[in-house]
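> Here is the input, now give the coordinates:
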Amino acid sequence: MGPRSARRRPAAALRPFIINYTGFHTEFSTPRRRLELPTGYVTVVFVFTEGLWVTRTEVLAPTRLRAASRAMISGPRTVPTIGMHAGAVSGLEVNMSPLGAYRLFGIPMAHFEDAHVDLTEVIGPAGRHLTDRLQALGSWEDRFALLDEVFCARLDGGPAAAPEVRGALSRLWAGSGSLARIAEETGWSARTLRARFRDQVGLSPKAVARVFRLQHALRLLSSGVAPARVAAACGYHDQAHLSREVKAMTGLPPSRFVKLRGGLPPGSALDRMPGRITSVVLSG
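Numbering: from 1, shown residues only. Modelled structure (predicted):
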């Protein structure tokens, strides 16, 4: 297996679409439960070992866990996911932008909304075989090289996102402008913008704005900023509004999130992507 974990960026041609590859291999004496938070991004997970369970839920209850597919896609979402493993797990994950997933998989992104989808549903049996091919290789670097080869081969066949969608998504991430103003700048009606976002991003503009605002709030909360100041800085009506949104989208009240997060900065070893708050350990 080589080193227990490794991470690198994809080939240069893929960097507008894919953020990073991460190989992981962990061993613990007891099961571990992780809370995976909404980020606005797409994650593809290849599982090399049995004993991984996942769920999409607004309630942090373990009864809804189901066995993970050997290759699955977790799409953009507004609710948390729980992942649990029996103590040891290994595999590889690919983190990509929603517009990158739209280009590489070539199907409407609404197919992935708030869901885990088996890769075979998207690219056929090749998705199942890809997990076996990755597992058979002797190093993380060889596995990453295979992913570069596979995804580069898909670049020319996929659709390009509309410039209006790319621009609106960038504005939403930057928090610059109201939804109405952003829609107006595209030259589309609000209804058309919603339809294009569902098709190419997987969430409505309003849902994307909620996720990006949540990420901003979580970064401030984890760095020790008082909730009342976080609410004001992130555009919530008041602290109660912040608390409701954090609880609705993470399953945790802000105080519990801060305690579990333990002061880790965005992009820590616990997180899947640089600059993001992606995960919290619930037990183990």
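> any idea how far the most far-flung residue of the chain relative to its centre is from R194?
Using C-alpha atoms, centre = their mean, the residue of the chain lying farthest from its centre is G187. It sits 29.3 Å away. According to C-beta to C-beta, to the nearest Å, G187 stands 15 Å off from R194. In short, each C-beta sits where N, CA and C put it, glycine included.
> Just the buried positions in the longest helix seen in the chain, please.
For the chain, the helix with the greatest residue count under DSSP state H is helix 205-222. Of the residues in helix 205-222, 205, 207-222 count as buried by neighbour count, 16 or more other C-beta atoms under 10 Å.
> for stretch 30-44, same thing?
Buried residues in stretch 30-44, defined by neighbour count with 16+ other C-beta under 10 Å: 32-44.
> Same question for stretch 84-95.
Residues of stretch 84-95 classed as buried under the neighbour-count rule (16+ other C-beta under 10 Å) are M84, H85, A88, V89, S90, G91, L92, E93, V94, N95.
> from these, which is closest to E27?
Checking these against E27 with C-beta to C-beta, the nearest one is A88 at 4.5 Å.
> Find the residue closest to the closest one in space, skipping its chain neighbours.
Of all residues not flanking A88 in the chain, E27 sits nearest, at 4.5 Å (C-beta to C-beta, 6 or more residues apart in numbering).
> ok, so what distance separates the one you found from G202?
34 Å.
> ok, these two, which is more surrounded?
Higher neighbour count among E27 and G202: G202, with 26 against 9, using other C-beta atoms under 10 Å.
> residues in contact with G127?
Contact analysis of G127 by C-beta atoms under 8 Å, 6 or more residues apart in numbering lists A71, D118, L119, T120, E121.
> Any buried residues in whatever helix or strand it lives in, and which?
Take DSSP states H and E as the rule and G127 turns out to sit in helix 125-136. For helix 125-136, the neighbour count (16+ other C-beta under 10 Å) marks G127, L130, T131, L134, Q135 as buried.
> List only buried entries from the contacts of G127.
Buried, going by 16+ other C-beta under 10 Å: A71, L119, T120, out of the contacts of G127.
> that older thread, restricted to helices, list the contacts of G127.
Here DSSP H is the test, and the contacts of G127 give T120, E121 as lying in helices.
> Closest one of the contacts of G127 to F144?
Using C-beta to C-beta as the measure, the one of the contacts of G127 that approaches F144 most closely is A71, at 15.8 Å.
> Quick check: bridge partners of the residue lying closest to H116 once chain neighbours are set aside?
The shortest distance from H116 to any non-neighbouring residue, by C-beta to C-beta, 6+ apart, is to M72 (5.0 Å). For M72, the beta-bridge partners are V45, D118 (DSSP bridges).
> With the one 10 residues further on instead?
With DSSP bridges applied, I82 shows beta-bridge pairing to L35, T55.
> That one: neighbour count?
I82 has 21 nearby residues by other C-beta under 10 Å.
> now the strands for this protein?
Assigned by DSSP state E, the strands in the chain fall at 5-8, 18-27, 32-36, 42-47, 52-56, 66-67, 71-74, 81-85, 88-96, 116-118, 279-283.
> Strand partners (parallel or antiparallel) of the last one?
On the basis of DSSP bridges, the sheet neighbours of strand 279-283 come out as strand 32-36 (antiparallel).
> Need the residues that contact the partner strand.
Applying C-beta under 8 Å, 6+ apart, the set of residues contacting strand 32-36 is 26, 60, 62, 74, 80-85, 87, 250-252, 260, 278-284.
> Just the buried ones from these?
Of these, these count as buried by 16+ other C-beta under 10 Å: 60, 74, 80-85, 250-252, 260, 278-280, 282.
> from memory K206 sits against A180, does it?
No: the criterion here is C-beta atoms under 8 Å, and K206 misses it with A180 at 10.8 Å.
> Going by distance to D148, which of the buried residues of stretch 84-95 wins?
If you rank the buried residues of stretch 84-95 by distance to D148 using C-beta to C-beta, V94 comes first, at 10.6 Å.
> got the contact list for that closest one?
The contact partners of V94, taken as C-beta under 8 Å, 6+ apart, are I18, N20, Y21, T43, V44, V45, L147, F151.
> possible to save these as JSON lines with distance to A226 and pLDDT?
Formatted as JSON lines, the contacts of V94 follow (distance: C-beta to C-beta, whole Å; pLDDT from 0 to 100):
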{"residue": "I18", "distance to A226": "37", "pLDDT": "98"}
{"residue": "N20", "distance to A226": "32", "pLDDT": "97"}
{"residue": "Y21", "distance to A226": "37", "pLDDT": "97"}
{"residue": "T43", "distance to A226": "32", "pLDDT": "94"}
{"residue": "V44", "distance to A226": "37", "pLDDT": "94"}
{"residue": "V45", "distance to A226": "36", "pLDDT": "92"}
{"residue": "L147", "distance to A226": "42", "pLDDT": "97"}
{"residue": "F151", "distance to A226": "43", "pLDDT": "95"}
